[in-house]
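Trainee: quick check, what structure comes out for this input:
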Amino acid sequence: MRQSYLLNDGALLPCEDDAAPLQLCIAPSAEERDWLRRSFGLDAHTLDSALDPDEVSRVEFLPEALFLIWKRPESYSGNERCAFEVSSFGMMLNANQLVLISNADSLLGDLHVRRDLHRPLDILLAVLLSNIHHYQGHLKVIKLVARELQQRFNQTLHNRHLLQMFGLSESLIYYLNAIQSNGAVLGRLRDQGERLKFPPEALALLDDLIIENEQCIRQAEIYASVLSGLMDARGNLLNANMNEMLRKLTLINVVFLPLNLIAGIGGMSEFSAVTQAIPWWVSYPLFVASLAALSGLMLVVLRRLLGASAPGSRA
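Mentor: As a prediction, the model looks like this:
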């Protein structure tokens, strides 16, 4: 799907003009891909890269334009895994037009309410700023979700909550990687801004974007470090509680094992039938003695096996 927007008094307005300053291509069809190749010289590899969610952020400076791939956060839907996903989209900027290529239709965000967009470069920087704010908003949500999961885990000690915390930690790693790669793109844009004859206000906004992106990186690093430490502590707590539960079950088994042994010996009707010629006060003590001897033999064998397999033991 392709949408066109013109700039009127600093605002974006939809239109039907192929020469409009902003062209938004959402999951372009074969016909729209052909139009992008003819109008902007974008080959199949470039288009596939723009739509690949695993593509790394980068910027390419062409003779008359620049092509940029940016990592953006996906909208969080509250899934069971508590995972926050990232994807990629492409931007092609020349002197007169900006082309946005994406699989999602939420790139423009709140740009429709802005009144300070006067050129395609302003739209590009506004999109980048909106995505950085999107990352910051998601980091706040991750912090709140992590705190809620900690409270639930403390109450129930359920493995499901620990797995959800692992999902959050994995999301933070992907976020951190995406934000850092976006920072490298911003650095290259700032370095080449004067050569590309960016206006002073655009260069100043690029400096602000770099600062906000660096703050976003530090925030993601802090959250990832804190969440990793909390998961280690919660995992150790879960293991300790499990060991305590197993100890209690073992004590219960130890208490009932002699009772089961006595009940089993007292109910051996076949043994009584085989040893009916022998007095019970002779046959049963002999049976118990044979059990004790067999237990001692097994104990000796197990100790030798464990001693042979212990590290540092000599053959």
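Trainee: quick one, strands of the stretch 51-200 of the chain?
Mentor: 58-61, 65-73, 86-94, 98-102 (DSSP state E, counting those that start in this stretch).
Trainee: just put these in JSON lines and tack on distance to Q164, mean neighbour count and mean pLDDT.
Mentor: (Glycine included, C-beta is placed from N, CA and C.) Converted to JSON lines, those look like this (distance: least, C-beta to C-beta, whole Å; neighbours: other C-beta atoms under 10 Å; pLDDT from 0 to 100):
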{"stretch": "strand 58-61", "distance to Q164": "33", "mean neighbour count": "14", "mean pLDDT": "92"}
{"stretch": "strand 65-73", "distance to Q164": "18", "mean neighbour count": "22", "mean pLDDT": "93"}
{"stretch": "strand 86-94", "distance to Q164": "19", "mean neighbour count": "21", "mean pLDDT": "92"}
{"stretch": "strand 98-102", "distance to Q164": "29", "mean neighbour count": "23", "mean pLDDT": "93"}
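Trainee: give me the pLDDT for N131.
Mentor: Listed pLDDT for N131 reads 92.
Trainee: how near is the residue nearest to it when sequence neighbours are not counted to H161?
Mentor: The shortest distance from N131 to any non-neighbouring residue, by C-beta to C-beta, 6 or more residues apart in numbering, is to R72 (4.9 Å). Taking C-beta to C-beta, to the nearest Å as the measure, R72 falls 29 Å from H161.
Trainee: so R188 sits against L66, correct?
Mentor: No - in this structure, R188 is not within contact of L66 by C-beta atoms under 8 Å, at 9.7 Å.
Trainee: overlap in contacts, the two.
Mentor: With contacts defined as C-beta atoms under 8 Å, 6 or more residues apart in numbering, the residues adjacent to both R188 and L66 are V59.
Trainee: surely the residue nearest to N131 meets M91?
Mentor: No - taking C-beta under 8 Å as the definition, R72 is not a contact partner of M91, at 11.0 Å.
Trainee: right, I'll call it a day here.
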